[in-house]
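Need a 3D model of the sequence below.
(one chain, ligands or ions: 1)
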Amino acid sequence: MGELRRTLYALVETGYQGYPPGRAFDIALVAVILVNIAATAMATVPGTDAQTLAIYRAIEWCAVAIFTVEYLIRAWVSTEDPRARISSPWRWRIRYLVTPLAIIDLIAILPSYIELITGSAWEFTLILRVLRLFKLLRFTGAFDTIFAVISSERRPLLATFSVIAIILLLISTMAYVAEREAQPDKFGSIPAAFYWGVVTLATVGYGDIAPVTPLGRAIGALGAVLGILTFAMPAGIIASGFMEELRRRDFIVTWQLVAKVPLFRRLTAARIASVALVLRPLRVEAGAAVVKRNEDADGMYFVVTGELTVEVPGHPVTLTGGDFFGEMALLEGGNRSTTVRAVTACELLHLGAADFRQLVSGAPDLEAEIRRVAHERRLDNRASTSERDPA
Ligand code: CMP
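Numbering: from 1, shown residues only. Down below sits the predicted model:
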């Protein structure tokens, strides 16, 4: 049973990590969601004949059956999540069921069962049915980011929405005062003027309700200008929040990589943080030359995973996780002494020349260690040259 649960967990939850059966499952599910939404939309086209409608309904029920099985499987295997506490699997399952993604999955199947039980019209649950599109969020990977951004920016967002609400109320009240006698049917009350206020502030301006008095028009113009200023604010906050969140994620990834390099163990947490800001993670494919002999030096590299070979003539040297290279040209200000080539796919961290100087200026023992290694390598290379060429 445990084995089956583990296999199913890998199938339904780890597709994004590149596990091939998991990816196939994700792709199949996305296809079912899209076909189902398309069928729901097409079924509203007037004049569709009964036979075609029956096909759409068959698609609907197949999709609901698939989503139901998927929902139950996800709930059952949620205890395989590495964060789950095995001591209380049912409590963990309930915790999973109230996560946003699980609630979306439930919303995706609920309308059809409501329809089945209550016998209500198909159209009644149509809007809930279209919400199935939200299931796709699971596969875009954007869900966490959107939530994190809205959560971290909630204060400024709330502040701008409050400002918008105050301006809206003010503009609508002023328009009501200015226009209520000229157009009692359109500006007869503040709630009636509210609709005009929203359309004006959002700078949509349908024109179905428009002020006619000079004062009313002046208020309308003011509303449109204020609308441009205030409606732009939430968009700006969310955009900068996204940038910040992405930068933070990059930083965490880099930090985790930095922690794997022994050379940095001697640094304090504060210095690791500043190093993580300037190091750039880099993936290279097997066979690629990372630095080439005689090239200009733009920085040095730390190996996180993978294997590289330093093409020292006569005795190639292997570098693996925790090693570094490219320091010799940086220290001497010259060109690369040797070519370094990836033997397998590698994860590296690149440190630019200027950042290198700044880093070592604040950590003398780090510089001493890098210099010591560079010195040994130079001696090593000289020895191998004289071995090959004794004259
Ligand atoms: P650099 O000269 O900048 O570029 C090539 C790099 O290969 C060099 O810095 C060293 O980091 C590395 N390297 C050169 N010789 C050796 C060696 N004998 N052992 C390990 N690494 C070396």
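
Give me the longest helix you can find in this structure.
helix 214-258 (DSSP state H).

Remind me what it packs against, helices and strands.
helix 142-152, helix 154-179, helix 190-201, helix 269-278, strand 280-284, strand 346-352 (3 or more C-beta pairs under 8 Å, 6 or more residues apart in numbering; DSSP states H and E). In this view, the C-beta of every residue, glycine as well, is placed from N, C-alpha and C.

next structured bit after the strand or helix carrying residue 91?
Here residue 91, judged by DSSP states H and E, is contained in helix 89-97. As assigned by DSSP H and E, the chain's next helix or strand after helix 89-97 is helix 100-118.

Could you report the pLDDT at residue 30?
Turning to residue 30, the model gives it a pLDDT of 92.

Give the burial count for it, as a bare number.
15 (other C-beta atoms under 10 Å).

which residues touch residue 227?
Counting by C-beta atoms under 8 Å, 6 or more residues apart in numbering, residue 227 touches 200-203.

other SSEs contacting the helix holding residue 91?
For helix 89-97, the elements it packs on are helix 50-77, helix 100-118, judged by 3+ C-beta pairs under 8 Å, 6+ apart.

Next one: the nearest residue to residue 102 once chain neighbours are set aside from residue 384, what distance?
Closest residue to residue 102 apart from its sequence neighbours, by C-beta to C-beta, 6 or more residues apart in numbering: residue 96 at 5.7 Å. Distance of residue 96 to residue 384, computed by C-beta to C-beta, to the nearest Å: 59 Å.

got it, and residue 148?
In terms of C-beta to C-beta, residue 148 sits 53 Å off from residue 384.

Also residue 75?
Going from residue 75 to residue 384 by C-beta to C-beta gives 62 Å.

same question, residue 218
Distance from residue 218 to residue 384, by C-beta to C-beta: 86 Å.

Does residue 5 touch residue 78 like I think?
No - between residue 5 and residue 78 there is no contact under C-beta atoms under 8 Å: 9.7 Å.

Look at these two and report which has more neighbours.
Of the pair residue 5 and residue 78, residue 78 is the one with more neighbours under other C-beta under 10 Å, namely 22 against 16.

Make sure that one is actually in contact with residue 98.
No - at 11.3 Å, residue 78 does not count as touching residue 98 under the criterion of C-beta under 8 Å.

pLDDT (mean, whole number) over the longest helix of the chain?
Mean per-residue pLDDT for helix 214-258: 88.
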